[in-house]
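Participant: okay, predicted coordinates and the sequence, questions at the end:
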Amino acid sequence: MNIKLVGSAHVALLVSAFACGAQNQPHPVLPPVPAPQGVPQPGPMTDAPYIPTTILPGGIVLTLYPPNSPFLNMMRVHEAEKYNLSQAAPGRINNIVNIHNPSIEVHTVDAGINTGSAVILVPGGGHKTLGVGGEGADFVSFFANYGVNAIILRNRLHSDGYDVPTDATYDVQQAIRLVRAHAAEWKIDPAKIGVMGFSAGAELASGAAVFYDSFDKKNSGPDDALAGISSRPDFVALVYPGPTPFAPNRTAPAIRRDVPPAFLICAGSDDQIHALWADDYFRAMLSAGVPNVEMHIYGNGRHPGDPLRDGSHMSGGLTDRNGTPFGTWQFRLIDWFRDLGFLGKSGVETKAARDVDFFVHQPVAPR
C-alpha cells in the first residue's frame with residue numbers, strides 16, 4: 001500500500017526515521033583528557049645539602065647560605081622539601097613544608113619596563129607552612145605588570161624546629177643581602193630592594209626592617225662572602241601582620257633614624273588582633289616621626305583561612321574577597337610605591353631615599 005504524506009506529517013516521518021538510524025550508529029567517543037603538564041616537583045633527597053627547585057617557570061633559585069654555614073642544621077639540611085598541591089588546580093602549589101636549606105627564587109622582568117625595584121615576598125602560614133601560592137607565586141606576574149622584579153623567599157619554619165626571631169628572621173635579612181649582592185647581574189637597583197610579608201611572614205619582615213644593623217654587625221667576618229652588604233630593606237610592606245617587635249608583650253626596640261618606610265594593610269574588627277599588631281608598628285613609627293608610613297585598615301574583611309558565616313574560608317593574597325574594598329588593597333600598595341618613586345627609572349634616587357636622608361640629618365626631637 002502506497003501512502004503519500006504531505007506537509008508537516010511528511011517531515012515528522014523523515015525526522016523519526018533519521019533518529020532511529022542515528023540510534024543504530026556508534027556514538028563517537030571523546031579522547032581521554034591528558035594529564036596536567038608542568039606540575040612542579042621538589043628536588044630529590046641525597047646525602048648532600050638539598051637543592052631547591054623552581055615553583056614557577058624561569059625562576060633562578062639560590063640557597064641563602066653556603067653548605068657549611070653555621071646557620072644550617074647539618075642533621076637535616078639534606079632533607080627534601082614537601083609540596084602541598086591544590087587538588088582542584090593541578091600544578092598549583094598551595095604551600096611548602098620541611099624547609100631546611102632556605103632559598104630565594106628570583107623572577108626578573110623585561111628590560112623595557114624594568115624599574116629596578118625588587119620585592120622579596122615572605123609568605124605566611126602561621127610558621128607551620130609556607131603559603132608560596134597565594135602569597136608568593138601569584139604576585140610575580142602582578143608586579144611584573146609594573147616593572148617590578150619579584151623574589152619568593154622559602155624561609156625555615158617553627159614547625160620544623162626553627163626559632164622565629166632568629167632563624168626565620170635571619171633568612172629574610174640574608175635574602176636581602178643576597179639580592180643586593182647580585183643586583184647588577186639581575187638589573188636590580190640596589191637602592192630599591194624591599195620586603196613584603198604576609199601574616200607570619202610580615203612578622204619576619206617587621207623584624208628585618210628594625211634589626212638590620214645588629215644582623216649586619218654579627219655577619220661581618222672575613223669568612224662571610226656577603227660581609228659589608230647591607231641587609232636594610234629600602235621599604236617594607238606588612239600585610240595583615242603577625243606580632244611585630246612593638247607588640248605589647250615585647251620590649252620595644254630603639255628605632256634607627258634610617259628605618260625604611262612602611263606600608264601596612266589589614267581588615268579591622270573581623271581581624272582585630274592582626275589589625276592591632278599593624279597599629280603597634282604604625283604607631284611606633286609615627287611617634288618616632290618616620291616619614292612615608294602608611295596604613296589601611298578595612299572595615300569589612302577577615303584573616304586568610306578564617307571561617308566565614310556561610311562556612312567557607314577567607315582567601316588571602318590577590319583574591320577579590322567577594323568584591324569588597326579589602327580585595328583592592330594591592331592597588332593602594334602600588335599607589336604608595338609610585339608616590340615614593342619605586343616605579344621610576346632604575347638608578348634614579350627615589351623620594352623614599354631622599355626623605356630618609358633628610359630625616360637622618362635632622363636633630364632628634366625629645367619624645
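Facilitator: Yes, it's here.

Participant: how many neighbours does Ser69 have?
Facilitator: By the measure other Cβ atoms under 10 Å, the count of residues near Ser69 is 15. In short, each C-beta sits where N, CA and C put it, glycine included.

Participant: tell me the pLDDT at Gly301?
Facilitator: Note on Gly301: pLDDT of 89.

Participant: an error on my part: the question was meant for Ser312.
Facilitator: 51.

Participant: again, but for Lys4
Facilitator: 52.

Participant: how about the one 10 residues further on?
Facilitator: The model reports Leu14 with a pLDDT of 44.

Participant: equivalent analysis for Pro28, please.
Facilitator: So Pro28 comes in at 89 (pLDDT).

Participant: quick one: the helices in the stretch 51-200 of the chain, in order.
Facilitator: 138-144, 169-181, 200-210 (DSSP state H, counting those that start in this stretch).

Participant: so for the next helix or strand after the last one, what's the average pLDDT?
Facilitator: Sequence order places helix 212-218 as the next helix or strand after helix 200-210, per DSSP states H and E. Helix 212-218 comes out with an average pLDDT of 96.

Participant: quick one: the helices in the stretch 201-350 of the chain?
Facilitator: Along the stretch 201-350 of the chain, the segments classed as helices by DSSP H, counting those that start in this stretch run 212-218, 272-287, 329-339.

Participant: would you list those helices in JSON lines and tack on distance to Thr166 and mean neighbour count?
Facilitator: Putting those into JSON lines (distance: least, Cβ to Cβ, whole Å; neighbours: other Cβ atoms under 10 Å) gives the following:
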{"stretch": "helix 212-218", "distance to Thr166": "10", "mean neighbour count": "16"}
{"stretch": "helix 272-287", "distance to Thr166": "20", "mean neighbour count": "19"}
{"stretch": "helix 329-339", "distance to Thr166": "29", "mean neighbour count": "17"}
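
Participant: got those as CSV, with distance to Leu238 columns?
Facilitator: Compiled in CSV, the helices of the stretch 201-350 of the chain are given as follows (distance: least, Cβ to Cβ, whole Å):
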stretch, distance to Leu238
helix 212-218, 15
helix 272-287, 6
helix 329-339, 11
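
Participant: of those helices, which approaches Glu294 most closely?
Facilitator: Among these, the nearest to Glu294 by Cβ to Cβ is helix 329-339 (5.3 Å).

Participant: so what touches that closest one?
Facilitator: 117, 142, 146, 148, 196, 235, 237, 239, 263, 265, 292, 294, 296, 298, 318, 343, 351 (Cβ atoms under 8 Å, 6 or more residues apart in numbering).

Participant: just the buried subset of the residues you listed, please.
Facilitator: Neighbour-count burial (16 or more other Cβ atoms under 10 Å) applied to these gives 117, 142, 148, 196, 235, 237, 239, 263, 265, 292, 294, 296, 298, 318, 343, 351.

Participant: got any ranges where the chain has weak pLDDT?
Facilitator: Along the chain, the model assigns pLDDT under 70 to residues 1-24, 307-315, 365-367.

Participant: what about 90?
Facilitator: Across the chain, the ranges flagged by pLDDT under 90 are 1-28, 38, 87, 90-91, 249, 300-324, 362-367.

Participant: where do the strands sit along it?
Facilitator: Taking DSSP state E, the strands of the chain run over residues 60-63, 82-85, 93-97, 103-107, 118-122, 149-154, 193-198, 236-239, 262-267, 294-298.

Participant: and the angle for the last one with helix 272-287?
Facilitator: Looking back up the chat, that one is strand 294-298. Orientation of strand 294-298 against helix 272-287 (axes from the mean of the first three to the mean of the last three Cα atoms, to 10 degrees) gives an angle of 160 degrees.

Participant: which residue is the nearest non-sequential neighbour of Thr129?
Facilitator: Asn95 (4.0 Å; Cβ to Cβ, 6 or more residues apart in numbering).

Participant: rewinding a little: wait, which of the helices of the stretch 201-350 of the chain is closest to Val360?
Facilitator: helix 212-218 (13.0 Å).

Participant: chain center to that closest one: distance?
Facilitator: The chain centre lies 24 Å from the centre of helix 212-218; the measure is Cα atoms, centre = their mean, to the nearest Å.

Participant: against which helices or strands is that helix packed?
Facilitator: Judged by 3 or more Cβ pairs under 8 Å, 6 or more residues apart in numbering; DSSP states H and E, the packing partners of helix 212-218 are helix 169-181.

Participant: dump the helix it packs on to PDB, restricted to CA.
Facilitator: Provided in PDB are the C-alpha atoms of helix 169-181 (Å, rounded to 0.1, in the frame of the first residue of the first chain):
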ATOM      1  CA  THR A 169      64.100  36.400  60.500                       C
ATOM      2  CA  TYR A 170      67.800  35.800  59.600                       C
ATOM      3  CA  ASP A 171      66.500  34.200  56.400                       C
ATOM      4  CA  VAL A 172      64.800  37.400  55.400                       C
ATOM      5  CA  GLN A 173      67.800  39.500  56.200                       C
ATOM      6  CA  GLN A 174      70.100  37.100  54.400                       C
ATOM      7  CA  ALA A 175      67.800  37.200  51.400                       C
ATOM      8  CA  ILE A 176      68.100  41.000  51.200                       C
ATOM      9  CA  ARG A 177      71.900  40.800  51.300                       C
ATOM     10  CA  LEU A 178      71.900  38.100  48.600                       C
ATOM     11  CA  VAL A 179      69.700  40.000  46.200                       C
ATOM     12  CA  ARG A 180      71.700  43.200  46.800                       C
ATOM     13  CA  ALA A 181      74.900  41.200  46.100                       C
END
